[in-house]
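Novice: Dropping a prediction and its sequence here:
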Amino acid sequence: MENTFTKAERETLLRLTDIMLEYNKKVNLTAITERHEIEEKHYLDCVKALRLSESGGYVPRGTSVVDVGSGAGFPGVLWGLVRPDLQVTLLDSLKKRVDYLEHIKAELSLDYTATHGRSEELSHAAEYRDRFGVATARAVANMPALIELCLPLVKVGGFFIALKTDKYEGDITNALGSLGGELADVIDYRVGDNKRRLYVIAKNKPTEKSFPRKRVNITKNPII
């Protein structure tokens, strides 16, 4: 991690690993428990995705970011750590994970907002809909479902950035058209031996008020 993080950031991440592995014994945060794999598959992956997004101009300085289905805080915690100018909100549907995010926030003096709730519900509320400059998600669902869950949170002119594997995700044209988005970029990259892909969706018009639908409809009847 030496070439990617500052000394202070590395020290914070070492402490984060200790806390996460201990907390993981009682709350399912990550299936990856080897320290070198945590560094590569969580920390380095999240930051490389951010740097590639920055190079495309998709994460401007001072923008607001919502991490949907944040889980153990990836990528949102890492993005906020290396980019303290960002206004980061971590959103997760499981209260135990949100409690963990609040715990590491206090323990490591991190700066973000951790929110308990489902994006398909919160994105219908005025304080969340069309609010964020960037939404991001990492391996939460397939792309049509992710677009429906995340794009309503993004303001027009902003971006949804999905961190995925390089596996083919199918046609997302209909989902984009229905939800006010346009495919801006697809970026393939590697972290170690792992092939990764960023999908960057530009929000070019407001999402229709009927979206997102209830979770059961998003899952069983994706927009394809």
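Specialist: Arrived safely, thanks for sending. Numbers count the residues shown, from 1 in each chain.

Novice: from here on, contacts and neighbour counts on C-alpha atoms
Specialist: OK.

Novice: Quick check: mean pLDDT of stretch 202-213?
Specialist: Per-residue confidence for stretch 202-213 averages out to 96 on the pLDDT scale.

Novice: Next: stretch 162-170.
Specialist: Mean pLDDT, computed over stretch 162-170, is 83.

Novice: buried ones in it?
Specialist: Buried positions in stretch 162-170, judged by neighbour count with 16 or more other Cα atoms under 10 Å: 162-165.

Novice: what's the nearest residue to residue 214 if we skip its chain neighbours?
Specialist: In this structure, residue 214 finds its nearest non-sequential neighbour in residue 120, 6.5 Å apart by Cα to Cα, 6 or more residues apart in numbering.

Novice: ok, then the element right after the one helix or strand residue 20 maps to?
Specialist: Using DSSP states H and E, the secondary-structure element containing residue 20 is helix 7-23. Sequence-wise, the next helix or strand downstream of helix 7-23 (DSSP H and E) is helix 35-37.

Novice: what's the following helix or strand after that next one?
Specialist: On the C-terminal side of helix 35-37, the closest following helix or strand by DSSP H and E is helix 45-55.

Novice: what ranges do the strands span in this structure?
Specialist: 64-68, 87-92, 113-116, 132-138, 154-165, 181-191, 194-203 (DSSP state E).

Novice: okay, the ones you listed in CSV with distance to residue 5 next?
Specialist: Formatted as CSV, those follow (distance: least, Cα to Cα, whole Å):
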stretch, distance to residue 5
strand 64-68, 21
strand 87-92, 19
strand 113-116, 23
strand 132-138, 21
strand 154-165, 20
strand 181-191, 15
strand 194-203, 20
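
Novice: Run the chain-centre distance for the lowest-mean-pLDDT helix or strand in the chain.
Specialist: Lowest by mean pLDDT, DSSP states H and E among the helices and strands of the chain is helix 215-220, with a mean of 90. Using Cα atoms, centre = their mean, to the nearest Å, we find the averaged C-alpha position of helix 215-220 to lie 20 Å away from the chain's own average C-alpha position.

Novice: Can you spell out which helices and strands pack onto it?
Specialist: When contacts are defined as 3 or more Cα pairs under 8 Å, 6 or more residues apart in numbering; DSSP states H and E, helix 215-220 sits against helix 143-150.

Novice: ok and the helix it packs on relative to strand 181-191, angle-wise?
Specialist: For helix 143-150 against strand 181-191, the angle by axes from the mean of the first three to the mean of the last three Cα atoms, to 10 degrees is 110 degrees.

Novice: Name all residues that make contact with residue 224.
Specialist: Residue 224 makes contact with 144, 171-175 under the criterion Cα atoms under 8 Å, 6 or more residues apart in numbering.

Novice: quick one: pLDDT of it?
Specialist: At residue 224 the predicted local confidence, pLDDT, stands at 79.

Novice: Residue 72: what's its closest spatial neighbour, skipping adjacent residues?
Specialist: For residue 72, ignoring the flanking residues on the chain, the nearest one in space by Cα to Cα, 6+ apart is residue 29 at 5.3 Å.

Novice: What confidence value was assigned to that neighbour?
Specialist: Among the per-residue scores, residue 29 shows a pLDDT of 97.

Novice: Just give me the neighbour total for it.
Specialist: The tally of other residues near residue 29 (other Cα atoms under 10 Å) stands at 18.

Novice: didn't it look like it was pressed against residue 70?
Specialist: No - Residue 29 sits out of contact with residue 70 when judged by Cα atoms under 8 Å, with a separation of 10.0 Å.

Novice: quick one on the thing from earlier: show residues contacting the helix holding residue 20.
Specialist: Around helix 7-23, the neighbours that count as contacts under Cα under 8 Å, 6+ apart are 1-2, 29, 33, 35, 38, 72, 81-82, 100, 104, 108.
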